[in-house]
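S.K.: predicted model follows, preceded by the sequence.
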Amino acid sequence: MSDPSLRRCHDPDQRGFTLVEVMVAIMISAMMVTSFFSIALTSRVQTIRSDHKFAANQQVQRLLQKLKNTTAPWKDSISGTADASYYSSGWMSLPNAGKLAQDTANTWAMATGTVHDVTSMLMDDPTFYDAASASWHVDNASLQYCVADPGAMYACGAVFGNDACPGGGFEGKCVKVIITWDERKA
């Protein structure tokens with residue numbers, strides 16, 4: 001007959017868990033903690049992306065309002081439309097009349113066929129830019145717009161597409177705004 005002490009894993013008088021039970025419990029706990037942190041990280045990344053999309057929409061609305069405020073008060077009282085030549089004669093011939101200060105093109109705000117780069121407007125938004133540290137929260141941020149006359153094509157390059165202005169939208173012209181950025185990789 002075999003020795004009865006060899007058949008038992010442990011002495012019935014001893015209390016506690018075996019090494020195998022402890023290892024299984026640690027593995028299960030580790031899987032649960034890993035799953036929790038994975039969900040938390042994914043949630044945080046999605047929240048940041050959502051914040052950036054919301055802020056981008058706000059910046060586009062802000063740009064359109066600036067365009068409206070820059071051009072609407074200076075419309076030609078006879079034709080009722082904003083015209084670049086209206087700014088270049090008489091008492092309206094101010095150096096920056098009808099221009100957006102942030103526009104790197106340094107042209108009339110509603111000039112057609114020009115890529116108006118107003119990326120510096122994003123520097124006012126803490127979602128995109130940290131003024132205290134003078135650093136961007138996103139990579140390759142860009143805010144640009146293009147203006148077209150009714151029925152005309154957007155002549156600002158491939159980024160703005162080949163579609164035509166349907167007409168009548170913004171001060172008698174169409175404005176197409178493109179805002180882009182790359183999310184930072186953590």
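M.R.: The structure has been received and is ready for your questions.
S.K.: list the contacts of residue 102.
M.R.: Residues in contact with residue 102, defined by Cβ atoms under 8 Å, 6 or more residues apart in numbering, are 118, 119, 120, 121. Heads up, the C-betas are built off the backbone N, CA and C, glycines and all.
S.K.: that one: what secondary structure?
M.R.: Three-state call for residue 102 (DSSP: H, G, I helix; E, B strand; the rest coil): coil.
S.K.: show the pLDDT at the closest residue in space to residue 117 that isn't next to it in sequence.
M.R.: Sequence neighbours aside, residue 104 is the residue nearest to residue 117 in space, at 4.4 Å (criterion: Cβ to Cβ, 6 or more residues apart in numbering). pLDDT for residue 104: 83.
S.K.: again, but for residue 61
M.R.: Predicted confidence (pLDDT) for residue 61: 91.
S.K.: where does it fall, phi/psi-wise?
M.R.: phi -60, psi -40 (degrees, to the nearest 10).
S.K.: next up, the contacts around it.
M.R.: With Cβ under 8 Å, 6+ apart, residue 61 has no contacts at all.
S.K.: that one and residue 143: what is the separation?
M.R.: 12 Å (Cβ to Cβ, to the nearest Å).
S.K.: show me where this structure has its helices.
M.R.: With DSSP state H as the criterion, the chain has helices at 19-71.
S.K.: could you point out where this structure is predicted with low confidence?
M.R.: For the chain, the stretches flagged by pLDDT under 70 are 1-13, 71-97, 167-171, 185-186.
S.K.: ok, 50 please
M.R.: For the chain, residues meeting the criterion pLDDT under 50 lie at 73-74, 90-95.
S.K.: does residue 141 really touch residue 122, like I thought?
M.R.: Yes - Residue 141 lies in contact with residue 122 (Cβ atoms under 8 Å); the separation is 5.3 Å.
S.K.: which one of the two has more residues nearby?
M.R.: A count of neighbours by other Cβ atoms under 10 Å puts residue 122 above the other of residue 141 and residue 122, at 24 against 21.
S.K.: I figured the more buried one hits residue 131, correct?
M.R.: No - with contact defined as Cβ under 8 Å, residue 122 does not reach residue 131; the gap is 11.5 Å.
S.K.: residues touching residue 50, list them.
M.R.: Residues near residue 50 by Cβ under 8 Å, 6+ apart: none.
S.K.: for it, give its distance to residue 99.
M.R.: On the measure of Cβ to Cβ, residue 50 and residue 99 end up 34 Å apart.
S.K.: also residue 172?
M.R.: Going from residue 172 to residue 99 by Cβ to Cβ gives 19 Å.
S.K.: and those two? Which one has more around it.
M.R.: Using other Cβ under 10 Å, the more surrounded residue of residue 172 and residue 99 is residue 99, with 20 against 17.
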